[in-house]
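Visitor: Could you work out the structure for the sequence below:
(one chain, ligands or ions: 1)
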Amino acid sequence: MDIIFLHGVRAKTLIGVYEWERIAPQVVEVDLEIGIPSPRACYSDQLNDTIDYAKVVDRLRHVLAEQHFLLLEALAEYIAQDLMREFAAPWIKVGVTKLGILHEVGRVGVQVERGHRG
Ligand SMILES: Nc1nc2c(c(=O)[nH]1)N=C([C@H](O)[C@@H](O)CO)CN2
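Guide: Below you'll find the predicted structure:
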C-alpha cells in the first residue's frame, strides 16, 4: 500500500488533565502516515486520484481547534478516525507529541495505528 506522510504539523489545542491545561491551549506536534486507497495517481499524475495532503492539514487544524481532550491517547484516536473517514483511507498511523511539558524531557507523546495495511 502506498502512503503519504506529514511530519511535524504544529498547532495549538486544548489538551491535558491539569487545571491549567484546561484553560490555556498548548502547541502539539502531529505526525501522520496515511494509506492511500489506490496507487492510481502514480500513473495518472492527477491530484484527484490521491489524498491531497494540503487538505489533510486543513482538516487536522480544524479538529485541533474544535476538539478538546484530556489525554493524548483520546486526541490521537479522534484524529485517526476522523481522517480515515474523511479521506477514505484504509490505514493510518497518528503520533501526537507535547513539547517541553515535563521538566528535562524534550518530547512526550503517543502513537496509534488503525485500520488495515494491505
Ligand atoms: N499516557 C498519558 N500520560 C499523561 C498524559 C497523557 O495525555 N497521556 N497527560 C498528562 C498531562 O496532561 C501532561 O500534559 C502534564 O504532565 C500526564 N500524563
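Visitor: switch to C-alpha atoms for all contacts and neighbour counts from now on
Guide: Noted.
Visitor: Tell me which other helices or strands the lowest-mean-pLDDT helix or strand in the chain touches.
Guide: Least confident helix or strand, the chain: helix 19-23 with a mean of 96, by mean pLDDT, DSSP states H and E. When contacts are defined as 3 or more C-alpha pairs under 8 Å, 6 or more residues apart in numbering; DSSP states H and E, helix 19-23 packs onto no helix or strand at all.
Visitor: For that helix, give me every contacting residue.
Guide: Residues outside helix 19-23 that contact it (C-alpha atoms under 8 Å, 6 or more residues apart in numbering): 14-16.
Visitor: can I get these in a markdown table with neighbour count, distance to the ligand and pLDDT?
Guide: Below are these laid out as a markdown table (neighbours: other C-alpha atoms under 10 Å; distance: C-alpha to the nearest ligand atom, whole Å; pLDDT from 0 to 100):
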| residue | neighbour count | distance to the ligand | pLDDT |
| --- | --- | --- | --- |
| Leu14 | 19 | 10 | 98 |
| Ile15 | 25 | 7 | 98 |
| Gly16 | 19 | 3 | 98 |
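Visitor: Just give me the neighbour total for the residue nearest to Gly106 when sequence neighbours are not counted.
Guide: Nearest residue to Gly106, sequence neighbours excluded (C-alpha to C-alpha, 6 or more residues apart in numbering): Gly100, at 5.1 Å. Neighbours of Gly100 under the rule other C-alpha atoms under 10 Å: 12.
Visitor: now Asp82
Guide: Other residues close to Asp82 by other C-alpha under 10 Å number 15.
Visitor: Same question for Ala54.
Guide: By other C-alpha under 10 Å, 10 other residues sit near Ala54.
Visitor: Tell me where this structure has strands.
Guide: 3-13, 26-35, 91-99, 107-115 (DSSP state E).
Visitor: Pull the second one out as CSV, backbone CA atoms only.
Guide: What follows is the C-alpha trace of strand 26-35 in CSV, where atoms were taken according to Å, rounded to 0.1, in the frame of the first residue of the first chain:
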residue,chain,number,x,y,z
GLN,A,26,-0.8,24.5,24.0
VAL,A,27,1.2,23.5,21.0
VAL,A,28,1.2,19.9,19.9
GLU,A,29,3.1,18.3,17.1
VAL,A,30,1.3,15.7,14.9
ASP,A,31,2.9,13.1,12.7
LEU,A,32,0.7,11.2,10.2
GLU,A,33,1.1,8.3,7.9
ILE,A,34,-1.9,7.7,5.8
GLY,A,35,-2.6,4.7,3.5
